[in-house]
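1. Just a sequence and a predicted model for now, questions to come.
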Amino acid sequence: SPPFLLSAGARGRRLVEGLPHPPSAILHWGATAVPKGAPYALVTDGPYDPDDPTYPEEWRPRRWSRFYLGLQRRAFRGAVRVFTLSEWARRKVLAVHGLAPERVVRIGWGPLGEPAPPIDAARRPLFAAVGSDWRRKGMDRVAEAARLLSERLPGAQVVGVGVPGDLDVPDGPGFRGVRSGLPPGEVQALIRDAAALLLPARFDASPHVIYEALRVGTPVVATPVCGVPEAVCAPEGGRIVPPDPEAIAQACLELWREGEHARRRALAVYERSGGWRRCAEIVRDSLEGALAVPAVP
């Protein structure tokens, strides 16, 4: 709503004004506020596109659509650079807001949290799905794929973390649902131990959990939405499949059979991405060129 967006912008300006020294540039996560007091760059995982029907209904500004789009356009067009986490988001910015291509730079993204330490225990047919937004993350598809997988792979179990508190999801063949709020260390251990991470989302701009899986050698089974395929780099990092439980189950079975070969390929994808350090280097180099500031040693 307009009051929320305008108050968020005001808070950002007060933060900048309260700094002990004026900044030479501002790097701002967001898409509507225009920082004051210095040239600024924006970081976004994807702009609002009123013509894209795949955007979740709860993310649409509805009656404030024109107002929201106007704020976003002003913010993007005033930025010296717009950094996007994915090429999908970069194409969105170019198409919706008409910026010059050289002003919009893809930087990639990385994991959140600390990885669980490695283990020497024997692998088992365990698969994981992590996401609190049940339908948008495709967790209903996960539950059905788990049933199919359990029929073909004895002992296979899919653990779905993030079941909303107001949703009754009974455990079924090969599937166990876990409520939201599991400690981060346990979530990371589950990702580490899994033969694959499942993310058959309906919409997910730049899910950090993909890199949380790849960095510990866990391949990913995901649907071709938003920036997801860029991160997975199939077939090296896993499988990109149709939004179909049958296809999800088959991909899980293939990755389980590939075993350590699949895990080594997944880890190589993460190492090639460079993680957050590589993102920071791209931002630094791009801003040095845009602002003509001296290079940082």
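-> Now that the structure is in, tell me what you want to look at. Computed from a predicted model, the values in this text were never measured in an experiment.
2. For this structure, give me the ranges with low pLDDT.
-> Scanning the chain with the threshold set as pLDDT under 70 gives 1, 165-170, 293-297.
3. Can you pull up the most central residue in it?
-> The C-alpha lying nearest the average C-alpha coordinate of the chain belongs to residue 207 (Cα atoms, centre = their mean; 1.7 Å).
4. And the residue nearest to that one when sequence neighbours are not counted, how far from residue 29?
-> Nearest non-adjacent residue to residue 207, counting by Cβ to Cβ, 6 or more residues apart in numbering: residue 199, 6.2 Å away. Where C-beta positions appear, they are placed from N, C-alpha and C, glycine not excepted. Residue 199 sits at a distance of 23 Å from residue 29 (criterion: Cβ to Cβ, to the nearest Å).
5. circling back: so the residue nearest to the centre of the chain is in contact with residue 225, correct?
-> No. Residue 207 lies out of contact with residue 225 (Cβ atoms under 8 Å); the separation is 9.7 Å.
6. which residues are in contact with both of the two?
-> Common contacts of residue 207 and residue 225 (Cβ atoms under 8 Å, 6 or more residues apart in numbering): residue 201.
7. returning to that earlier point: dump the residue contacts of the residue nearest to residue 207.
-> 129, 131, 137, 138, 207, 209, 210, 220, 221, 222, 223, 228.
8. what's it sitting at in phi/psi?
-> With angles defined as degrees, to the nearest 10, residue 199 sits at phi -140, psi 70.
9. ok, which stretches of the stretch 151-297 of the chain are helices?
-> Ranges of helices in the stretch 151-297 of the chain, per DSSP state H, counting those that start in this stretch, are 184-193, 208-214, 228-232, 245-258, 260-273, 275-291.
10. The longest one versus helix 260-273: what angle between them?
-> This points to helix 275-291. Computed by axes from the mean of the first three to the mean of the last three Cα atoms, to 10 degrees, the angle separating helix 275-291 from helix 260-273 equals 20 degrees.
11. What residues sit buried inside helix 275-291?
-> By 16 or more other Cβ atoms under 10 Å, the buried positions in helix 275-291 come out as 275, 279, 283, 286, 287, 290.
12. which ones are touching the second one?
-> Meaning residue 279. By Cβ under 8 Å, 6+ apart, the residues touching residue 279 are 107, 108, 109, 110.
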